[in-house]
Every structure is written in structure tokens, then in C-alpha cells.
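A structural model of the following input is requested.
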Amino acid sequence: MNDLLPITVCILVRDEEDVIDRCIGSLIGIAKEIVVVDTGSVDKTIQRLRRYPVKVYNFEWTNNFSDARNFAILHAKQPYIFMVDADEFLEQDCLPSFREFLSNKHEIPATVNIRSIIDEQTSVSSNITRIFPNHIDYRYFGAIHEQLCFQGKTLEATLHSGVSLSHDGYQKTKIQSKFKIDRNINLLKEQLSLEPDSIYLRYQIGQTLYVDQKYDEAIHYFDDALKLLSRQHEVPKFISTLFLSYGYCLFYRERFESLDMLLQDAIDFFPTYTDLYFLYGLSLIQRKKADFLIHIKEAFEYCLHLGEIKDGSYESVEGVGSYRALYNLGVYYEAVHRQAEAEICYSKSAEYGYKPAVDGLKRIKAFLLSDEDMEP
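I've put the predicted structure just below:
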């Protein structure tokens, strides 16, 4: 028992029977206490929870996630709180880092890395504050996309814990089955009516619409958020993600001139954000103009130069600084009939298990073999 970490894991649940065993299973035997707050499950979530030594509390849903999280905090007994969602699970290889972080008895909150699995070939990494001292000064605010605050104010500083969670709640089928999009949009718009000058709420509405592929609507909210940003003295951290999501909306709508202007502004703010250069490279490919070929090569080479975002400074798609950039360089070399160089790029990308690169490598090898057969 002494080996258990001095944390209370707090989990909100509602109809999570498909994922709750995985979540709890990743935490049992690690945390001294697990507090689960159920907000109205009608499936087998509660029955499944009875298998585990966890404390389950019922909470009447108020259309406010902060209310539910703060209710969970009230029942926590350990010196540190670790907030986890039911569709997340702890990566076991981060336990030494977790133990070391807690042994230093930090008095300020800490972020964890969340790896959101979008599909078999795509995951997005971001750092979010999830670990904090169990003290009355730390409470959540906001009906949705709630933020941890200290004495009612935005956190001024956080540490990075080295802890990692995997998350698959934003895979398309799961979003649709739980009606997350409509619920989130309604809650966000209700909150925006109370805080009409909020950049953050406009960003979150735009982000939710972007995930739902409603790009024109998302562009409207992102644009309004940036207009409000011009009045601010400081640039919030989430603005980097706003720029990127806004850029992809323009990309999918093939509004390339607007995208170029947006990326120029974004890179001025965030010159080391690999994903911005990757998006620019993708847009050049999509334009299908011979004049842009050399710039395609330059864009993806610069992505490799910057590398992956490993310090959590930006939300980033895995591979933009490595195997995805290599794959697109392979596409470039194949397009300009430099098959040998395309083979090298595809081969390096395929080492990461990236399926498009594996397919590209097969295609190049088949071409090179057929080319040899044609030689006299």
C-alpha cells in the first residue's frame, strides 16, 4: 500500500461502459484513491465500477462540467488530485516520471501529455493541466472546456509532470454515438452569451465545429476570436492551436490566399511550430502548380529541421516533424521522377509503420523493377 501514489484520481462518468474498465484498470494499483462521479448513467457503467475498490458518488447534472469536477474534488482525501476522463487511460511507462514528480512535493499544478488517437494513422499530442495540490484555492470554472484556476484566476505557472494519457474519445464513431458535438456547442454558446468578449469560448466553439467538419462556421468563430485578440496585450497559449485549426479550415475550403496570409501571421507569433509549415506544404501540394514544386520540398525539409514537438509547447499531430514530412518529401520526389530519392524517403517513413509510406515504397520498388526489366 505504501507504494501507491499519494493521489486521488477524479473521474467523471456518464454511460461509459465501453471504456471504464480500461480507464480504471490503468490506475488500480497505482493511485491510493479513485473517486468516480456519475452524472446520470443508464448503461452498465455503475455495475462495472462495482468490480473495483473505487468510491462512486452520484451527482445531478447541472449542464456544467466545473460543478461536477469541483464536486469530485470535495471527496478527495489525498494531497494531490489527478483529473482523468473516462475515455482516457494511463500509459504505464510514465510511472517512474509520475513517482519522481510527486516525490518532489511540488506546490503548483502540472500538465500531463495527452495523446488523442484520431484514427489508426493519426494522433495529436497536447499538454493539459491535470495534476494539482488538493487545496481549496484550486477549483474549476466554466460550463464546458472548464479551466483549473487558482483563487478564481487563470494559472500563472505550471510544471510538466512527465505523465502521459492516451485518449480516443474524439474518434468519429464515438463522437457521433455520444452526441458530444451538439452538447458541447450548446453549452459553449450558452456560456458565450454570458461572456460575449471571450476569446477562449469563440476558440472552443470554432474548434468543436472544426472537428465536426463544419469549416465555414468554424472560420467565422476563429476569425472573431482573432479580431478580439488584437485588443489583448498578451497572446494566450491556445492561440497557436487556433491558428492551426483555422488554417486547416481554409485548407479544406481551398481558400489558399487567405491561408497564406493566416500562416504568415501565425509563423510570426510561433516561428518554431512545425505543424504550420507542414500545413503550408500540404497546401502547396493541393494547389497542383508546377511553380510550387520547389517550395514543397523546402517546406517539408524545414519540418524535418524543426522536428517533432516534444516539449509540449504546441498541440501537434504526431509525425509532422518526422515520418509524415518524410512521406510528403517522397511524394515530391516521385512527382519529379526522382524515384531513388523517393524510395529513400518512403523507406525512412515506413520505418515508423506509416502505411501511406509503406504503400509508396511498394509502388516505387515495383516501378524500379519494371524499369530494370525494360533495359536492353
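
just for the stretch 251-376 of the chain, where's the confidence low?
Under the criterion pLDDT under 70, the flagged ranges of the stretch 251-376 of the chain are 371-376.

Give me the neighbour count for residue 17.
Other residues lying near residue 17 total 16 when counted by other C-beta atoms under 10 Å. All C-beta spots, glycine's among them, are computed from the backbone N, C-alpha and C.

Likewise for the one 3 residues further on?
As a burial measure, the neighbour count of residue 20 was computed by other C-beta under 10 Å and equals 25.

Could I get the contacting residues of it?
By C-beta atoms under 8 Å, 6 or more residues apart in numbering, the contact set of residue 20 is 13, 45, 48, 49, 86.

Ok, residue 276 next?
Neighbouring residues of residue 276 by C-beta under 8 Å, 6+ apart: 243, 244, 247, 263, 266, 267, 270.

Among these, which one sits closest to residue 337?
residue 263 (29.1 Å; C-beta to C-beta).

name the helices or strands packed onto the strand or helix carrying that closest one?
Assigned by DSSP states H and E, residue 263 falls within helix 256-269. For helix 256-269, the contact count by 3 or more C-beta pairs under 8 Å, 6 or more residues apart in numbering; DSSP states H and E identifies helix 239-252, helix 274-287 as packing neighbours.

how about the strands of this structure, start to end?
With DSSP state E as the criterion, the chain has strands at 5-13, 31-38, 55-58, 80-85, 88-90, 110-119, 122-133, 138-141, 147-150, 153-154, 159-167, 316-317.

Same list (those) but as CSV, adding distance to residue 299 and mean neighbour count.
Written out in CSV, the entries for these read as follows (distance: least, C-beta to C-beta, whole Å; neighbours: other C-beta atoms under 10 Å):
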stretch, distance to residue 299, mean neighbour count
strand 5-13, 41, 23
strand 31-38, 44, 22
strand 55-58, 51, 14
strand 80-85, 35, 23
strand 88-90, 33, 22
strand 110-119, 22, 18
strand 122-133, 19, 19
strand 138-141, 40, 18
strand 147-150, 34, 17
strand 153-154, 35, 10
strand 159-167, 29, 19
strand 316-317, 15, 22
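
count of residues packed around the closest residue to residue 42 other than its chain neighbours?
In this structure, residue 42 finds its nearest non-sequential neighbour in residue 15, 6.4 Å apart by C-beta to C-beta, 6 or more residues apart in numbering. A total of 17 residues lie near residue 15 under the criterion other C-beta under 10 Å.

Residue 15 and residue 48, how far apart?
Taking C-beta to C-beta, to the nearest Å as the measure, residue 15 falls 11 Å from residue 48.

Ok, residue 250 next?
Counting by C-beta to C-beta, the gap from residue 250 to residue 48 is 44 Å.

Looking at these two, which has the bigger crowd around it?
Neighbours per residue (other C-beta under 10 Å) separate residue 250 from residue 48, with residue 250 holding more: 23 against 18.

gap between the two ends of stretch 46-56?
Between the start and the finish of stretch 46-56 there is a gap of 8 Å, counting by C-alpha to C-alpha, to the nearest Å.
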